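J.: fold the following.
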Amino acid sequence: MFRIDVPTAAQTLSAPAAAGTPGYFTEGNPQTGQPATIPGMDWFNMVQEELMAILAAAGINPSKANRGQVVAAILTLIATGGAPLVWGGISGNLANQADLVAALAGKSNTGHTHNFGIADIAGLAAALDPGKSLAANGWCKLPNGLIMQWGTYQAFQEEGATPPISFPITFPAQCFGVWLTDINFNATIVSDNYAELYIKDRAFFRAMIQAMSTPDVVGTGWHGCEFFALGV
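T.: I've put the predicted structure just below:
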């Protein structure tokens, strides 16, 4: 998509004439004396600028060699909910991390403020990745504030309530829920065991467990549970 660039094209956009009565194109009718419709510069400029506005909204630079830009712009606006990423003078269809890295190439890391309150490129990185610990007992915080935590508890009692099982980190505001899966740490033991949530808090939870095995190996830590928790 590209604005008209023939030698007779005007260099500035003129103000449109006053609006008339809305109508439709016609080829005209010589028998009745009805003339054919002549669109005129106002109509052509309006159509051209409407198309250019679609590209601008999606952050796409016009290219005379590319005849698929309007479609690409519409698809970008649909994918981004009508609001393309605009950050520090960078705008467009930043569909993945590689696009973002390419767009940031050569940009200053400090000394400017972006339109959503992130002070520098390091601030953008922090906003996109608020924190995580990808360990066996770990956690991950999403940009929207949701925190996921997971881990494993090895029990040394046959049945009853466990002691407090600490989350990898304390939920700052609330623990929404904890989901448990009983686990057998020793494949040579035939077991009948379960684990269910007993109580939950921002910093820990307790489970109610029961285990019976053949042979009887109570107290050896062969069973327990895996947990997954959500909160903010």
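
J.: and stretch 142-155, average pLDDT?
T.: Averaged over stretch 142-155, pLDDT sits at 91.

J.: and it, how far from the chain's centre?
T.: 20 Å (C-alpha atoms, centre = their mean, to the nearest Å).

J.: ditto for stretch 139-146
T.: 12 Å.

J.: now do the same end-to-end measure for it.
T.: End-to-end distance for stretch 139-146: 11 Å, by C-alpha to C-alpha, to the nearest Å.

J.: ditto for stretch 134-148
T.: 11 Å.

J.: need the contact partners of stretch 199-206.
T.: 161-167, 170-175, 177-178, 197-198, 227, 229, 231 (C-beta atoms under 8 Å, 6 or more residues apart in numbering). C-beta: built from backbone N, CA, C; applies to glycine.

J.: try it again with 6 Å
T.: 161-162, 164-166, 170-171, 175, 178, 198 (C-beta atoms under 6 Å, 6 or more residues apart in numbering).

J.: can I get the residues you listed in JSON lines including pLDDT and secondary structure?
T.: Formatted as JSON lines, these follow (pLDDT from 0 to 100; DSSP: H, G, I helix; E, B strand; the rest coil):
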{"residue": "A161", "pLDDT": "86", "secondary structure": "strand"}
{"residue": "T162", "pLDDT": "88", "secondary structure": "coil"}
{"residue": "P164", "pLDDT": "94", "secondary structure": "coil"}
{"residue": "I165", "pLDDT": "95", "secondary structure": "strand"}
{"residue": "S166", "pLDDT": "96", "secondary structure": "strand"}
{"residue": "T170", "pLDDT": "97", "secondary structure": "coil"}
{"residue": "F171", "pLDDT": "97", "secondary structure": "coil"}
{"residue": "C175", "pLDDT": "96", "secondary structure": "strand"}
{"residue": "V178", "pLDDT": "96", "secondary structure": "strand"}
{"residue": "Y198", "pLDDT": "91", "secondary structure": "strand"}
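
J.: dump the C-alpha coordinates for stretch 172-190 into CSV.
T.: Coordinates of each C-alpha in stretch 172-190 appear next as CSV, following Å, rounded to 0.1, in the frame of the first residue of the first chain:
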residue,chain,number,x,y,z
PRO,A,172,1.7,-11.9,49.0
ALA,A,173,-2.1,-11.6,49.2
GLN,A,174,-4.0,-14.9,48.8
CYS,A,175,-3.7,-18.6,48.0
PHE,A,176,-6.6,-19.5,45.7
GLY,A,177,-6.1,-23.2,45.9
VAL,A,178,-3.8,-26.2,46.2
TRP,A,179,-4.1,-29.4,44.2
LEU,A,180,-2.5,-32.6,45.4
THR,A,181,-1.5,-35.9,43.7
ASP,A,182,-0.4,-38.8,45.9
ILE,A,183,2.9,-40.3,44.9
ASN,A,184,4.8,-43.5,45.6
PHE,A,185,8.6,-42.9,45.7
ASN,A,186,9.4,-46.7,45.8
ALA,A,187,8.3,-48.7,42.8
THR,A,188,9.0,-52.0,44.6
ILE,A,189,6.3,-51.3,47.1
VAL,A,190,2.6,-52.1,46.5
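
J.: flag every buried residue along that stretch.
T.: 175, 178, 180, 182-184, 189 (16 or more other C-beta atoms under 10 Å).
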